[in-house]
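Q: Predicted model, plus sequence, below.
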Amino acid sequence: MEQLIEDLTRGNVTEVKVVLATVILALAVYQVLLAAVAYGWLRLPFLGSHSASWTHRASGDAILILTVVVAVMCISFYGFEEGGAHAVVACVLLGLLATKVLAVRFGGRLGRLLPIVGASVLLAFAITWLTSAGDFLGVSG
Amino acid sequence: MKRPPQAIQILGSVLFAAVIVAVAIVVVTAHFGPTSSAELEAREERLEQRMELREEALERREELEEERRR
């Protein structure tokens, strides 16, 4: 697996991971904007709640796939041992993502918690990015 | 202001997401600079060529100096 990842990224594993993580974070911020429009908290003259909701789901699916790809790259290439805070927050993030997917698919009581779970997912994405990609890019000091 | 048709709204919001992705990729890769393996290898090759040229020039100088002494 390690060799496959190295071959696919042509030896630039960290760089590819940083780019993908940044794309995920940027899309996650956009997701919050779309969710605000979908819930009617933010009214835009050119975007209705149904369209915002559709794009939110499509973009969310893309984020989920990219997150799994980055997680697989991270775990199989770097492992858990040297992860520290990044590994812990990333595990929390994956748990939150799983909760959000379940809430979307099955609704019920969990459906009411969607805005809180969504905000927590964004926060977890931000911390996970800061402790890896942000660190690499020199953003987190 | 009247909203555009739903298909246009969806297309616009998806295109905006694509623009966000493109901007994120451009900004991060610009931050990296030339770090790809291919570029680094090319850089190493150029460095080696320069070193070889310098060594050759040095050898020629030494040879010329030796000839002058004779």
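A: In hand now; what should we look at? Numbers count the residues shown, from 1 in each chain, chains lettered A, B, ... in the order given.

Q: Enumerate the residues of chain B near chain A.
A: If contact is defined as C-beta under 8 Å from any C-beta of the partner chain, the residues of chain B in contact with chain A are B:1, B:3-4, B:6, B:9-10, B:12-14, B:16-17, B:20-21, B:23-25, B:27-29, B:31-32, B:35-38. C-beta: built from backbone N, CA, C; applies to glycine.

Q: Write the ChimeraX selection for whichever of these are buried.
A: The buried subset of these, as determined by 16 or more other C-beta atoms under 10 Å in any protein chain shown, is captured in ChimeraX by this line:
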select /B:9,10,13,14,16,17,20,21,24,28,31,36
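
Q: Residue A:80 belongs to a helix, doesn't it?
A: No. Read with DSSP: H, G, I helix; E, B strand; the rest coil, residue A:80 is coil and lies in no helix.

Q: I'd like the distance between it and chain B.
A: Going from residue A:80 to chain B by C-beta to the nearest C-beta, to the nearest Å gives 25 Å.

Q: tally of neighbours for that residue?
A: Counted with other C-beta atoms under 10 Å in any protein chain shown, residues neighbouring residue A:80 total 13.

Q: do the same with residue B:5
A: Residue B:5: 9 surrounding residues under other C-beta under 10 Å.

Q: residue contacts, it?
A: If you count contacts by C-beta atoms under 8 Å, 6 or more residues apart in numbering or on different chains, residue B:5 has none.

Q: One more: residue A:73?
A: Counting by C-beta under 8 Å, 6+ apart, residue A:73 touches A:5, A:9, A:13, A:16-17, A:20.

Q: taking the mean pLDDT, what do you get for the lengthiest helix in chain A?
A: Among the segments of chain A that qualify as a helix by DSSP state H, the longest is helix A:49-77. For helix A:49-77, mean pLDDT rounds to 92.

Q: Same check on stretch A:15-29?
A: Averaging pLDDT along stretch A:15-29 yields 93.

Q: Check stretch B:54-66 too.
A: Here the average pLDDT along stretch B:54-66 is 89.

Q: Just the pLDDT at the residue located most distally from the centre of chain A, thanks.
A: Most distant residue from the mean C-alpha position of chain A: residue A:45, 28.1 Å away (C-alpha atoms, centre = their mean). Residue A:45 is assigned a pLDDT of 88 by the prediction.

Q: phi, psi of it?
A: phi -70, psi -20 (degrees, to the nearest 10).

Q: same thing with the one 3 residues further on?
A: Note on residue A:48: its backbone torsions stand at phi -90, psi 170 [degrees, to the nearest 10].

Q: So which bits of chain A are right by chain B?
A: Counting by C-beta under 8 Å from any C-beta, chain A sits next to chain B at A:10-12, A:15, A:18-19, A:22-23, A:25-27, A:30, A:34, A:45-48, A:50-52, A:54-55, A:58-59, A:62, A:137.

Q: all helices for chain A, in order.
A: Using DSSP H, helices in chain A cover A:2-8, A:13-38, A:49-77, A:85-106, A:108-112, A:114-130, A:133-137.

Q: Can you check which of the ones you listed gets nearest to residue B:53?
A: Nearest of the helices of chain A to residue B:53, taken as C-beta to C-beta: helix A:13-38 at 31.6 Å.
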